[in-house]
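Peer 1: coordinates only, sequence not included:
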């Protein structure tokens, strides 16, 4: 029993993080049909903000809020630096400018802060544990699940009920038509980047809660996770991103529990091979979004 | 080979030979090293161009195939008496096989090609972002395997004892050969069809072009280049670890191709030269600043920052790179005719 509870909580908490990450990537991809390779660096930015604020006497929640704001700012900066100047010209160009922007941010962290890991301040509640159904579970896993549920609820409200959400969904379905009907393109795109920064910022708090410190290369793993989750779930569908995130967490956790130690080190290779198999079966992912290949 | 292609080819050969001779006879060993690495990078960039330029699909997995070429060729050339020390867990079958470095480099190239042929066919069905993302995933898979398969790679630790066999002449010869193959492939039937698919997937498909097969051919060829470059590199550097074949190197190779112009062979070559010179100049500056301690802390990553800024700037001004669509030969002939 205890093992099952533990397994369930592990899947759900990891899946919550993966789903939020994937969601943030798809919000941008849905509208622009462009992948943001600098997405993982938003987590890095939030992490280093937290580290730099660590010496100040501010309460942790304020530091966390500032870190999330910094991630939002970095998201918007990505749009201005890497996407806006080239987005209408060439898909490959944007992939590479965003890759270059990610390298830029990483090396800036190397240059101005340090190549070594830096400890970030975390509240005590992150290291507490609770006993649930006979299993000892870190409280931060429960918090992750709760936070993800709240975020997903807020986002589905934004996307379904507010004017901005409607505009973004319209732009994701048919960008040209949406513009003709008077939806300001730049505003929609910038808000998509801001929202994706918000998601990355929130994820980063819990991601850092798991590992406790920040390094310049911290963004790679969450970026990969978001990529893979969106590809499994369906690149154009927001629900798909969430489904893909949880499915990926299920796969990873199952491998964690079942693989013998000498194979466990190859876990990522197994996971990604499985993902390639899923793609062979459904090249468009599990959930198809609005059917359009059109780009702005 | 028609006239304009010949001009392009000559225009590529001349700087290669010039750099080779200059590096060989100016008498600074460091120049020879830089030039040799430049030629090896040129093979990598041309290989990537053969796939990416013609198919229009960005591939991140290229460097992984370089790694396969490097590790496979090294397995056969590390001296027998050292093998027990370098790779204690090596499979008994492989233990007594010793090849000459040249044969081993060829074996490495073929191994990279075979792996690409196996893994790539399913991936080539994907288009756009999904294709790019899976190639990124492929890079991670291969990296994970290289880091953990200690029996043949010595794990994340350094693999050493590879004999030095790559001379500047061999590297320059390889680079010229690569340019020739890339030029030929671009104008071959497969290359033309591949470019048709790149420009309009639906129209080319309707004309009967077999999308995934065409892309697969391009990908396999590009892996052959990468494996070859990997073997040359391994027998030049002589000791290395899996982290050499990961994101940093990917960034440099992609930067070279994209700054030069992914669509053309001349662009790929120009990009390799420009980025190498910029990179070496920046690194020398970085080292000089560090050793003279102008700044109170060590500068790390300055080179990459400048390279990243240069990439963004080039792409904003010329999204297709320095030489966008027309090979140098064609431009030169037009220019001659006008003048």
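Peer 2: Happy to help now that I have it. This structure is a prediction, so every number in the text was calculated from the model and none was measured.
Peer 1: please list the residues of the stretch 1-150 of chain A that sit near chain B.
Peer 2: A:29, A:33-35, A:81-82, A:85-86, A:89-93, A:95-97, A:99-101, A:103-104, A:106-108, A:110-111, A:115 (Cβ under 8 Å from any Cβ of the partner chain). Yep, even glycine has a C-beta here, placed from its N, CA and C like the rest.
Peer 1: please pick the buried ones from those.
Peer 2: Among those, the ones that count as buried by 16 or more other Cβ atoms under 10 Å in any protein chain shown are A:29, A:33-35, A:81-82, A:85-86, A:90-93, A:95-97, A:99-101, A:103-104, A:106-108, A:110-111.
Peer 1: how far away is the residue in the stretch 101-250 of chain A that chain B sits nearest to from residue A:179?
Peer 2: Using Cβ to the nearest Cβ, the single residue of the stretch 101-250 of chain A nearest to chain B is residue A:107, 3.3 Å away. To residue A:179, residue A:107 is 36 Å away according to Cβ to Cβ, to the nearest Å.
Peer 1: next: residue A:131.
Peer 2: 55 Å.
Peer 1: same check on residue B:131?
Peer 2: Going from residue B:131 to residue A:179 by Cβ to Cβ gives 28 Å.
Peer 1: the two: who's more crowded?
Peer 2: residue B:131 (21 against 15; other Cβ atoms under 10 Å in any protein chain shown).
Peer 1: which stretches of chain A form helices?
Peer 2: A:2-32, A:39-53, A:60-78, A:91-112, A:139-161, A:163-173, A:175-180, A:185-211, A:220-233, A:238-258, A:261-264, A:267-281 (DSSP state H).
Peer 1: now do the buried residues in the first one.
Peer 2: Just to be clear, that refers to helix A:2-32. Neighbour counts over helix A:2-32 (16+ other Cβ under 10 Å) mark A:5-7, A:9-32 as buried.
Peer 1: packing partners for that helix?
Peer 2: Here helix A:2-32 touches helix A:39-53, strand A:135-138, helix A:139-161, helix A:163-173, helix A:185-211, helix A:220-233, helix A:238-258, going by 3 or more Cβ pairs under 8 Å, 6 or more residues apart in numbering or on different chains; DSSP states H and E.
Peer 1: out of these, which is closest to residue B:252?
Peer 2: Closest approach to residue B:252 among those (Cβ to Cβ): helix A:220-233, 17.0 Å.
Peer 1: so that closest one, near chain B or not?
Peer 2: Yes - contact of helix A:220-233 with chain B (Cβ under 8 Å from any Cβ) involves A:220, A:224, A:227, A:228, A:230, A:231.
Peer 1: in JSON lines: those, plus pLDDT.
Peer 2: JSON lines is the format used below for the residues of helix A:220-233 next to chain B (pLDDT from 0 to 100):
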{"residue": "A:220", "pLDDT": "85"}
{"residue": "A:224", "pLDDT": "85"}
{"residue": "A:227", "pLDDT": "85"}
{"residue": "A:228", "pLDDT": "85"}
{"residue": "A:230", "pLDDT": "86"}
{"residue": "A:231", "pLDDT": "82"}
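Peer 1: now, of those, which are buried?
Peer 2: A:220, A:224, A:227, A:228, A:230, A:231.
Peer 1: and the pLDDT for residue B:225?
Peer 2: Looking at residue B:225, its pLDDT stands at 94.
Peer 1: dump the residue contacts of the nearest residue to residue B:255 once chain neighbours are set aside.
Peer 2: Spatially, and ignoring its direct neighbours in sequence, residue B:255 is nearest to residue B:311 (5.2 Å; Cβ to Cβ, 6 or more residues apart in numbering or on different chains). If a contact means Cβ atoms under 8 Å, 6 or more residues apart in numbering or on different chains, then residue B:311 has A:96, A:97, A:100, B:255, B:258, B:259 as its contacts.
Peer 1: 10 Å - rerun?
Peer 2: Contact analysis of residue B:311 by Cβ atoms under 10 Å, 6 or more residues apart in numbering or on different chains lists A:93, A:96-97, A:99-101, A:103-104, B:251, B:254-256, B:258-259, B:275.
Peer 1: tell me the buried residues in the helix or strand in which it is found?
Peer 2: According to DSSP states H and E, residue B:311 maps onto helix B:302-317. Neighbour-count burial for helix B:302-317 flags B:302-308, B:310-312, B:314-316 (criterion: 16+ other Cβ under 10 Å).
Peer 1: likewise for stretch B:105-120?
Peer 2: The neighbour-count check on stretch B:105-120 (16+ other Cβ under 10 Å) flags B:105-116, B:119-120 as buried.
Peer 1: which among those residues are in contact with chain A?
Peer 2: Restricting those to those adjacent to chain A (criterion: Cβ under 10 Å from any Cβ of the partner chain) gives residue B:119.
Peer 1: just the buried residues of stretch B:105-120: which are in helices?
Peer 2: Secondary structure defined by DSSP H assigns B:105-116, B:119-120 of the buried residues of stretch B:105-120 to helices.
Peer 1: okay if I get those as a markdown table plus pLDDT?
Peer 2: Below are these laid out as a markdown table (pLDDT from 0 to 100):
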| residue | pLDDT |
| --- | --- |
| B:105 | 93 |
| B:106 | 94 |
| B:107 | 93 |
| B:108 | 93 |
| B:109 | 94 |
| B:110 | 95 |
| B:111 | 94 |
| B:112 | 94 |
| B:113 | 94 |
| B:114 | 94 |
| B:115 | 93 |
| B:116 | 92 |
| B:119 | 86 |
| B:120 | 84 |
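Peer 1: from these, which is closest to chain A?
Peer 2: Nearest to chain A among those, with distances taken as Cβ to the nearest Cβ, is residue B:119, at 8.0 Å.
Peer 1: might one say that the closest one is in contact with residue B:145?
Peer 2: No - counting by Cβ atoms under 10 Å, residue B:119 stays clear of residue B:145, with 11.3 Å between them.
Peer 1: quickly list what's touching both of those two.
Peer 2: Common contact partners of residue B:119 and residue B:145 (Cβ under 10 Å, 6+ apart): residue B:64.
Peer 1: and the helices and strands packed on helix A:2-32: which comes nearest residue B:7?
Peer 2: Across the helices and strands packed on helix A:2-32, closest to residue B:7 is helix A:220-233 (Cβ to Cβ), at 42.4 Å.
Peer 1: I'd like to know which elements that closest one is packed against.
Peer 2: With contacts taken as 3 or more Cβ pairs under 10 Å, 6 or more residues apart in numbering or on different chains; DSSP states H and E, helix A:220-233 sits against helix A:2-32, helix A:39-53, helix A:91-112, helix A:185-211, helix A:238-258, helix A:267-281, helix B:128-148.
Peer 1: and those helices, which one's lowest on average pLDDT?
Peer 2: Among these, helix A:267-281 has the lowest mean pLDDT, at a mean of 78.
Peer 1: pretty sure residue B:261 is touching residue B:324, no?
Peer 2: Yes - between residue B:261 and residue B:324 there is a contact at 5.3 Å, judged by Cβ under 10 Å.
Peer 1: comparing these two, which residue is more hemmed in?
Peer 2: Taking neighbours as other Cβ under 10 Å, residue B:261 and residue B:324 compare with residue B:261 leading, 27 against 13.
Peer 1: from residue B:153, how far off is the residue nearest to residue B:246 when sequence neighbours are not counted?
Peer 2: Spatial nearest neighbour of residue B:246, chain neighbours left out: residue B:143 (5.5 Å); criterion: Cβ to Cβ, 6+ apart. Distance, residue B:143 to residue B:153, using Cβ to Cβ: 11 Å.
Peer 1: before we move on, what about residue A:204?
Peer 2: Distance of residue A:204 to residue B:153, computed by Cβ to Cβ: 33 Å.
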